[in-house]
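In: return a 3D structure for these sequence lines:
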Amino acid sequence: MTKALKLCYCVLLLHSFFLVNAANKINNEEIKMDFSISFEDSKSHYVEVTLNFDNLPSKTTNLVLPVWTPGYYLILNTPRYIVDFDVKDEKNQKVKWKKSTKNHWTIENGSTSKITVKYRVFANKKSVAESYVDSEKAFLMPNTIFMHIENKIDNPVTVTLNKPAKWSKISTGLKCIDETKNSFYAKDIDVFYDSPIYIGNQKTIEFENEGKKYSLGVATPQGLQEDKFVSDLKKIMTATTSIMKKIPYENYSYIMMEAGGGGLEHWNSQAIFTKGSFDSSSRKDYLDFMNFVTHEYFHLYNVKAIRPIELGPFDYNKENYTTMLWFSEGFTVYYEYIIMVKAGLMEGKDALQYLSGSIKKYENEEGCRHMSLAQSSFDIWSNFFNNESNAKQTTISYYDKGPTIGLVLDLEIRNNTANKKSLDDVMRFLYNEYYEKKGRGFTEEEFWSVSEQIAGKSLDEIKNYVNTVAEIDYQKYLRYGGLQIDLTPLKTEAKSDKFTEKNYTISELPKPTKLQLEIRKSIFNF
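Out: Residues are numbered from 1 along each chain as shown. Okay, here's the model as predicted:
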């Protein structure tokens, strides 16, 4: 090779080197995602969305709209509500695009690294997992409104809420970065999608507890005894901290909407429907509601931080299957009762009534002879809102049997360790080891390994209760806590010749031992 050719070859190598490095630099740089929303046609339930993207790394950009909401195990047909989709470049020239799947929009941006996407969304679903807008208010689930760039979940995002002047308040757990513009920030798409937004004229209350900041937004505050209610919220959170020893947020928002059904947990907030007022008709009515609030709050730990490994990172395009929702949901039901007792808002005997009700609900239905807890978790994508005529004969709910397994496991651990260890130790270990240290969820094998390590024995019998339809030996486990259960048949016509309906009411065991009494007092405070 001649000297001139060598020189030319070196120049070409250097040129290629710089091109590759420049491309790598672009690919590694953060994409700017600046979103906004307005409400010009809110009376007709429409919102107008603008997505500004800058520093796009490739010539083709795929935008994705999720088809489900974390914590809500049902595929939603959100893409059908998108209309008037349009893309322009920085020179305001139209950019070609096409729909590649039901929830993917492929944009041919070419050499243009900056684009603006606009579309409208029909938001007319009164659900904790979907969005609703009218002339008086807006409840936004960001994952049903805003698209994201495929495979760019870790990218931060800002959103500006151009609310009508007559709407005075915004309730959300998102971090506000500009109060005058109503601009908010999320560190990544997962947090953004998990941060509901309520805009309207709701009553708002700001308060602090244990060094953290809280906001309470109440759409229908009739009957609200503000001081008592805030005090009770603080008691619930303080009781939870006494169990978990950690608080995984700096600020948290309670969003309590108008009359409706259901609630949903989030990293920085909870969004729940109320009965339309805070006038409780009875003590039980108030306890039911506060149990509900506690349930969604404890989900912050159990399912958000402590989670089965299948539940994150999420695939928003399809079902995310796990066999452990009996733990995520069922144990959260168990803990809502324990926390309420620890907070002094409920008596231990009240908690036993709730647990007795759960047992009756699934044991006295034929489905408990056909569906295991693990199966009920895995098949929830098919059985969510299952109103088929044979549902009670073929299925069970992990909301009912799950808390029973929580109680059984707690009693087993306490009995085998002379009440020196409990289910609380399992929860704390999972939080510290997998959420904090490893930054991931846990496998089913890891869950049982941790539980057995803390219990100091094999838990094969309890595992069998989860994975099969074997009958639970209630008397054995309840006796550990100085309790018993009434298994006498009910005086009603049997629904099936396969089993007889029973009472299933839990009560105190006469003359408990010192250890039994200690365990009962540790859990139920009596």
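In: tell me where the stretch 151-300 of the chain has strands.
Out: For the stretch 151-300 of the chain, the strands defined by DSSP state E, counting those that start in this stretch cover 157-162, 169-172, 175-178, 183-186, 197-200, 203-209, 212-218, 251-259, 263-265, 269-274.
In: which strands and helices sit next to the fifth one?
Out: It refers to strand 197-200. If you count contacts as 3 or more CB pairs under 8 Å, 6 or more residues apart in numbering; DSSP states H and E, strand 197-200 packs onto strand 138-140, strand 169-172. From N, CA and C alone the C-beta is placed, and that goes for glycine too.
In: surely residue 47 is in a strand?
Out: Yes - counting by DSSP: H, G, I helix; E, B strand; the rest coil, residue 47 falls inside a strand.
In: count the residues that sit near it.
Out: 22 (other CB atoms under 10 Å).
In: swap in the one 5 residues further on?
Out: When neighbours are counted by other CB under 10 Å, residue 52 registers 16.
In: can you tell me who it pairs with across the strands?
Out: Assessed by DSSP bridges, residue 52 has beta-bridge partners residue 34, residue 116.
In: and if you look at the one 10 residues further on?
Out: Applying DSSP bridges to residue 62 yields these beta-bridge partners: residue 106.
In: if I look at it, how far off is residue 273?
Out: Separation of residue 62 from residue 273 (CB to CB, to the nearest Å): 35 Å.
In: also residue 399?
Out: 17 Å.
In: which one of the two has more residues nearby?
Out: More neighbours surround residue 273 than the other of residue 399 and residue 273, with 22 against 18 (other CB under 10 Å).
In: once you drop chain neighbours, what's closest to that one?
Out: In space, and not counting its chain neighbours, residue 273 is closest to residue 260: 3.2 Å by CB to CB, 6 or more residues apart in numbering.
In: check residue 254 too.
Out: residue 216 is the one closest to residue 254 (CB to CB, 6+ apart), at 4.6 Å.
In: tell me the contacts of the one you found?
Out: Residues in contact with residue 216 (CB atoms under 8 Å, 6 or more residues apart in numbering) are 204-207, 230, 233, 253-254, 256.
In: still on that earlier bit, could you dump the strands of the stretch 151-300 of the chain to CSV with mean pLDDT and distance to residue 514?
Out: As requested, the strands of the stretch 151-300 of the chain are arranged in CSV below (pLDDT from 0 to 100; distance: least, CB to CB, whole Å):
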stretch, mean pLDDT, distance to residue 514
strand 157-162, 98, 57
strand 169-172, 98, 50
strand 175-178, 98, 51
strand 183-186, 98, 52
strand 197-200, 98, 51
strand 203-209, 98, 36
strand 212-218, 98, 39
strand 251-259, 97, 40
strand 263-265, 97, 39
strand 269-274, 98, 40
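In: need the ones you listed in JSON lines (columns: distance to residue 342).
Out: Below are the strands of the stretch 151-300 of the chain laid out as JSON lines (distance: least, CB to CB, whole Å):
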{"stretch": "strand 157-162", "distance to residue 342": "38"}
{"stretch": "strand 169-172", "distance to residue 342": "28"}
{"stretch": "strand 175-178", "distance to residue 342": "31"}
{"stretch": "strand 183-186", "distance to residue 342": "33"}
{"stretch": "strand 197-200", "distance to residue 342": "30"}
{"stretch": "strand 203-209", "distance to residue 342": "15"}
{"stretch": "strand 212-218", "distance to residue 342": "19"}
{"stretch": "strand 251-259", "distance to residue 342": "19"}
{"stretch": "strand 263-265", "distance to residue 342": "20"}
{"stretch": "strand 269-274", "distance to residue 342": "19"}
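In: quick one, which of the ones you listed gets closest to residue 370.
Out: Residue 370 lies closest to strand 263-265 among these, at 29.1 Å (CB to CB).
In: the closest one pairs with which strands, and in what direction?
Out: strand 269-274 (antiparallel).
In: CA atoms only: put the strand it pairs with into CSV for me.
Out: Extracted in CSV, the C-alpha atoms of strand 269-274 (Å, rounded to 0.1, in the frame of the first residue of the first chain):
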residue,chain,number,x,y,z
SER,A,269,-50.9,8.2,45.5
GLN,A,270,-54.1,6.3,45.7
ALA,A,271,-57.3,7.1,43.7
ILE,A,272,-60.6,5.7,45.1
PHE,A,273,-64.3,6.3,44.6
THR,A,274,-66.4,7.2,47.6
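In: point out the most buried one among the helices and strands packed on strand 197-200.
Out: Comparing the helices and strands packed on strand 197-200 by mean neighbour count (mean count of other CB atoms under 10 Å), strand 138-140 ranks first with a mean of 25.
In: give the contact list for residue 450.
Out: Residue 450 touches 426, 429-430, 433, 442, counting by CB under 8 Å, 6+ apart.
In: for those residues, which PyMOL command selects only the ones that are buried?
Out: Only the buried entries of the contacts of residue 450 go into this PyMOL selection, using 16 or more other CB atoms under 10 Å:
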select buried, resi 426+429+430+442
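In: turn the contacts of residue 450 into JSON lines, including secondary structure and distance to residue 405.
Out: Formatted as JSON lines, the contacts of residue 450 follow (DSSP: H, G, I helix; E, B strand; the rest coil; distance: CB to CB, whole Å):
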{"residue": "426", "secondary structure": "helix", "distance to residue 405": "12"}
{"residue": "429", "secondary structure": "helix", "distance to residue 405": "18"}
{"residue": "430", "secondary structure": "helix", "distance to residue 405": "16"}
{"residue": "433", "secondary structure": "helix", "distance to residue 405": "21"}
{"residue": "442", "secondary structure": "strand", "distance to residue 405": "17"}
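In: follow-up on the earlier one: reformat the helices and strands packed on strand 197-200 as CSV; add distance to residue 293.
Out: Output for the helices and strands packed on strand 197-200, formatted as CSV (distance: least, CB to CB, whole Å):
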stretch, distance to residue 293
strand 138-140, 18
strand 169-172, 15
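In: what's the average pLDDT for stretch 35-55?
Out: Per-region confidence: stretch 35-55 scores 98 on mean pLDDT.
In: what comes up buried for that stretch?
Out: Neighbour-count burial for stretch 35-55 flags 35-37, 39, 42, 45-49, 51-53 (criterion: 16+ other CB under 10 Å).
In: just to revisit the earlier point, give me the buried subset of the contacts of residue 216.
Out: Buried residues within the contacts of residue 216, counting neighbours by 16+ other CB under 10 Å: 204-205, 230, 233, 253-254, 256.
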